[in-house]
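1. here are the coordinates; sequence isn't available:
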């Protein structure tokens, strides 16, 4: 059985590395990119399997909403998406995430909450 494939879009290198390290115990196939444009390129490549998308909100060269929009258009509504952002406290961000079926994770709680959220969305 192939390992679940996770795409991470995060512009801060240290935080991107932290996300990868937190997920490594799950034995996932992880590709981490530095901006929204790179994530969109991977999402549009239908030869590339993607089982979960984890994206930041504010990134250079396309933001998280752009990435999510392309993910929904190319991969469908069934693709689990987690948006991890420091802006999760704002009502409009929470409202938009809920409307798009996106799980929202405040960056301040990534250490405690990322693994359980990923396990739940991947059925692990």
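-> Looks like it arrived, so ask away. Not measured: the values here are computed from a predicted model.
2. helices and strands around the worst-scoring helix or strand of the chain on mean pLDDT, which ones?
-> Least confident element among the helices and strands of the chain, by mean pLDDT, DSSP states H and E: helix 91-99 (a mean of 93). Applying 3 or more CB pairs under 8 Å, 6 or more residues apart in numbering; DSSP states H and E, we find helix 91-99 packed against strand 103-106. C-beta here means a position set from N, CA and C on the backbone, and glycine is covered the same way.
3. packing partners for the very next helix or strand once past the strand it packs on?
-> Using DSSP states H and E, the helix or strand that directly follows strand 103-106 along the chain is helix 110-122. For helix 110-122, the packing partners by 3+ CB pairs under 8 Å, 6+ apart come out as helix 13-23, strand 52-55, strand 81-85, strand 103-106.
4. JSON lines for these, including mean neighbour count?
-> Shown next, in JSON lines, are the helices and strands packed on helix 110-122 (neighbours: other CB atoms under 10 Å):
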{"stretch": "helix 13-23", "mean neighbour count": "15"}
{"stretch": "strand 52-55", "mean neighbour count": "25"}
{"stretch": "strand 81-85", "mean neighbour count": "23"}
{"stretch": "strand 103-106", "mean neighbour count": "17"}
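5. got these as TSV, with distance to residue 67 and mean pLDDT columns?
-> Output for these, formatted as TSV (distance: least, CB to CB, whole Å; pLDDT from 0 to 100):
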stretch	distance to residue 67	mean pLDDT
helix 13-23	14	97
strand 52-55	5	98
strand 81-85	9	96
strand 103-106	14	96
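6. ok, back up a step: how about residues contacting the least confident helix or strand of the chain?
-> By CB atoms under 8 Å, 6 or more residues apart in numbering, the surrounding residues in contact with helix 91-99 are 57, 65, 83, 85, 87, 88, 103, 104.
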